[in-house]
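Chemist: Got a predicted structure plus its sequence, pasted below:
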2 protein chains.
Amino acid sequence: MKPIKISEAVVRRLPIYLRYLNEMSASNNKTVSSQDLGEKLNLNPAQIRKDLAYFGEFGRKGVGYNVDFLIEKIRQILKLDKTLNVALVGTGNLGRALSNYNNYIKDNMKIVAVFDADESKRGTMINHLTVLPMTALEQTAEQLDISVGIITVPAQEAQNVADQLVAAGIHGILNFAPVVLKAPKDVRIHTADFTAELLSLAYYMDHNHSQDEGEM
Amino acid sequence: MKPIKISEAVVRRLPIYLRYLNEMSASNNKTVSSQDLGEKLNLNPAQIRKDLAYFGEFGRKGVGYNVDFLIEKIRQILKLDKTLNVALVGTGNLGRALSNYNNYIKDNMKIVAVFDADESKRGTMINHLTVLPMTALEQTAEQLDISVGIITVPAQEAQNVADQLVAAGIHGILNFAPVVLKAPKDVRIHTADFTAELLSLAYYMDHNHSQDEGEM
DNA sequence: TAGATTGTTAATCGATTAACAATC
DNA sequence: TAGATTGTTAATCGATTAACAATC
């Protein structure tokens, strides 16, 4: 209907809303205001209302938002109402850690296959899944209807793996390797760049914070 | 000298520049232009020049930037020219994975202590470090001059851990728990929220991409 | 010199926030 | 009704990009 372009910033906030709403629902809260959400999530209430309003009129004036209804709506928006199958490539420490988060992210994104280029890993079990060789990627991706790939290989191999994922028809990549990946523009790449997060954190340490710091 | 406020967006790009410059240096490239950097990092060259210009005149007109000089400068800006000591709290799969990245992030951020609330983990060795109980946090932080904490505990415990880190005098936190943490504003919190990254990725999957997608 | 590329200003674009009428 | 809170417009703020003089 509305051909309004939704900005990335908005989309990135939706999972944050969802997460907190799930908590509220679990503790039997029925309604929530943008005010409440803003306080809990350190966001401006107006921003939250605006974000949600892009997708519909989900609230009631004078009342707020119905928690369970809003959960349902956000899940629909994010397409978490249907299961997305995920392939994980790279079975080092991080890959193994993530495959355990599988249950945690039970939000309908499910790791259904695990790959590793290292032949010696072949056949190893990781969280109920057998480690497959990269040569099996294309066929497995098709058979299991995999649409998302997670990359947890060393930086030098990441672009190569990304290329293989793209060749296997995958349209979304969550990249943990500390490198900027190239892909056709119909492939969406999100980078979980915690080394960059850590290094940028250093910038803010021990700063004398000029004159404008209002310590109490 | 210049009291110009540097935006977060700028600071977050610096480690990305640094990373690629290190690669260039390793392969013996002497100079680089904002054009080159932009192409490799998917960024606008003007943005890169502007980012760097906040901190000084690092380039030469008609020539570009000296790679090693720029590395040195960015390291100074990010304060990576002196070692920052880091405490890691939470020794689950992710915590163990990260402590192995330690050598990787040898950029002068060093995990010097590991903590876990679980008594049964106490005394276990992780990557040459003995797991300490949370009660040892405050004293250890002071003794080892720890300024940054990494949180890899379950979401329900994260805020509690953050409070303890703050109480121990830590001013920077890298949080891996999928929750929004509260802290005094002189404490800098970066969140490595890969579950949110993954869920927001779902939004972009299978989209019919309206009419404007130029598939070939 | 001619070509390349910076540093920087101005223009554009986009995102956040404030404000408030509508209304529950 | 009075109080609360949404949805939305307008105002503000900030970040990105274009353009170009300076200059190597």
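Modeler: All right, it came through fine.
Chemist: alpha carbons only for contacts and neighbour counts from here, please
Modeler: Noted.
Chemist: And stretch A:70-84, how far out from the chain middle?
Modeler: Put simply, stretch A:70-84 sits 13 Å off its chain's centre (Cα atoms, centre = their mean, to the nearest Å).
Chemist: now what about it, what contacts it?
Modeler: For stretch A:70-84, contacts defined as Cα atoms under 8 Å, 6 or more residues apart in numbering or on different chains pick out A:14, A:18, A:21-22, A:55, A:58, A:107-110, A:146-148, B:199-200, B:202-203.
Chemist: Pull out the buried residues from it.
Modeler: By neighbour count on 16 or more other Cα atoms under 10 Å in any protein chain shown, the buried set for stretch A:70-84 is A:L70, A:I71, A:K73, A:I74, A:R75, A:I77, A:L78, A:K79, A:L80, A:L84.
Chemist: same question, stretch A:56-64
Modeler: By 16+ other Cα under 10 Å, the buried positions in stretch A:56-64 come out as A:G59, A:G64.
Chemist: could you pull out the helices for chain A?
Modeler: Here chain A has its helices, by DSSP state H, at A:8-26, A:34-41, A:45-53, A:67-77, A:93-104, A:137-143, A:155-167, A:194-203.
Chemist: The fourth one and DNA strand D, any residue contact?
Modeler: No - Helix A:67-77 lies apart from DNA strand D when judged by Cα under 7 Å from any atom of the strand; the minimum separation is 10.2 Å.
Chemist: Need the CA coordinates for that helix. CSV is fine.
Modeler: Taking C-alpha atoms only, helix A:67-77 is exported to CSV below (Å, rounded to 0.1, in the frame of the first residue of the first chain):
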residue,chain,number,x,y,z
VAL,A,67,2.0,-5.9,24.3
ASP,A,68,1.0,-9.2,22.7
PHE,A,69,-0.5,-7.5,19.7
LEU,A,70,2.6,-5.4,19.2
ILE,A,71,4.8,-8.5,19.5
GLU,A,72,2.7,-10.2,16.8
LYS,A,73,3.0,-7.2,14.5
ILE,A,74,6.7,-6.7,14.9
ARG,A,75,7.2,-10.4,14.3
GLN,A,76,5.2,-10.1,11.1
ILE,A,77,7.2,-7.0,10.0
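Chemist: picking that back up, check the contacts of stretch A:70-84 against DNA strand C, which are close?
Modeler: Checked against DNA strand C using Cα under 7 Å from any atom of the strand, these yield no neighbours at all.
Chemist: quick one on the thing from earlier: now for the helices of chain A, which one comes closest to B:T140?
Modeler: With Cα to Cα as the measure, helix A:194-203 is the member of these nearest B:T140 (20.0 Å).
Chemist: now for that closest one, which elements pack on it?
Modeler: Applying 3 or more Cα pairs under 8 Å, 6 or more residues apart in numbering or on different chains; DSSP states H and E, one finds that helix A:194-203 makes contact with helix B:8-26, strand B:172-175, strand B:188-191.
Chemist: rerun at 10 Å
Modeler: Judged by 3 or more Cα pairs under 10 Å, 6 or more residues apart in numbering or on different chains; DSSP states H and E, helix A:194-203 is in contact with helix B:8-26, helix B:67-77, helix B:93-104, strand B:109-115, strand B:146-151, strand B:172-175, strand B:188-191.
Chemist: quick one: buried residues of the longest one?
Modeler: Buried residues in helix B:8-26, counting neighbours by 16+ other Cα under 10 Å, are found at B:10-22, B:24-25.
Chemist: Dump stretch A:123-135 to CSV, keeping only the CA atoms.
Modeler: Only the C-alpha atoms of stretch A:123-135 are listed here, as CSV (Å, rounded to 0.1, in the frame of the first residue of the first chain):
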residue,chain,number,x,y,z
GLY,A,123,31.9,-35.3,10.1
THR,A,124,32.4,-33.8,13.5
MET,A,125,29.2,-33.2,15.4
ILE,A,126,28.2,-29.7,16.5
ASN,A,127,25.1,-29.2,18.4
HIS,A,128,23.3,-32.2,16.7
LEU,A,129,24.6,-31.2,13.3
THR,A,130,27.2,-32.9,11.3
VAL,A,131,29.9,-30.6,9.9
LEU,A,132,29.8,-30.7,6.1
PRO,A,133,32.5,-29.8,3.6
MET,A,134,32.1,-26.6,1.6
THR,A,135,31.5,-28.6,-1.5
